[in-house]
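Asks: could you work out the structure for the sequence below:
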Amino acid sequence: MSYEAIHIEGENEVRKILDDLGNRVDRRLALKALRKAARPLIVSARSKVMDYSRTVGKSITINYTSRDSATIAVGPKKKMLKGGLRDPWFAHFIEFGVSGVGRFKGSGKKRYRADQPARPFMRPAYDETRIKIVDEFGRNIVEVINKHTQKVNASRSNI
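Replies: Below is the predicted model:
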């Protein structure tokens with residue numbers, strides 16, 4: 001499985017600003033901005049798969065946050081879902097498709113599953129919202145940094 005990274009122009013300037021804020025703070029701020037920026041991707045992916053599988057659609061969220069860096073992953077997440085919905089373990093079958101799968105049962109009879117064509121929902125959602133995600137991240141990171149700097153400046157002026 002391949003992952004595509006998003007590169008932002010002015011990344012060095014952003015990194016320099018975040019380095020000045022400190023390692024702990026920059027990771028937390030970047031994660032906050034990433035979570036906000038991922039919202040359009042989540043909404044788009046849900047809308048693309050909801051007609052085919054409500055279980056997968058309702059489970060799409062941020063399902064991974066790195067402890068070491070500002071990294072998130074968006075996709076179906078196994079969790080307790082409201083309304084008696086099942087675990088979305090089959091989401092990758094919808095995204096990538098399935099060719100006939102045979103398996104033997106105890107009686108020796110072979111059961112086949114019909115071919116299921118790929119019905120991608122994550123990749124088209126990403127392609128559709130990629131520019132919006134980068135723009136949103138840029139706005140969010142600036143907003144978050146400004147709020148943090150105001151808070152730091154306010155606490156310094158009180159001393």
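
Asks: in the protein, what helix or strand scores lowest on average pLDDT?
Replies: Ranked by mean pLDDT, DSSP states H and E, the weakest helix or strand in the chain is strand 110-113, scoring a mean of 55.

Asks: what mean pLDDT does the very next helix or strand once past it have?
Replies: Later in the chain than strand 110-113, the nearest helix or strand by DSSP states H and E is helix 122-157. Within the predicted structure, the mean pLDDT of helix 122-157 is 85.

Asks: and for stretch 33-40?
Replies: Stretch 33-40 shows a mean pLDDT of 90 in the predicted model.

Asks: next: stretch 68-78.
Replies: If you average the per-residue pLDDT over stretch 68-78, you get 79.

Asks: first to last residue in that stretch, what's the distance?
Replies: The first residue of stretch 68-78 is 23 Å away from its last residue (C-alpha to C-alpha, to the nearest Å).

Asks: any buried residues in that stretch, and which?
Replies: For stretch 68-78, the buried set under the neighbour-count rule, 16 or more other C-beta atoms under 10 Å, comprises 70, 74-77. Heads up, the C-betas are built off the backbone N, CA and C, glycines and all.

Asks: stretch 141-159 now?
Replies: Within stretch 141-159, the residues that qualify as buried are 141, 144-145, 148, counting by 16+ other C-beta under 10 Å.
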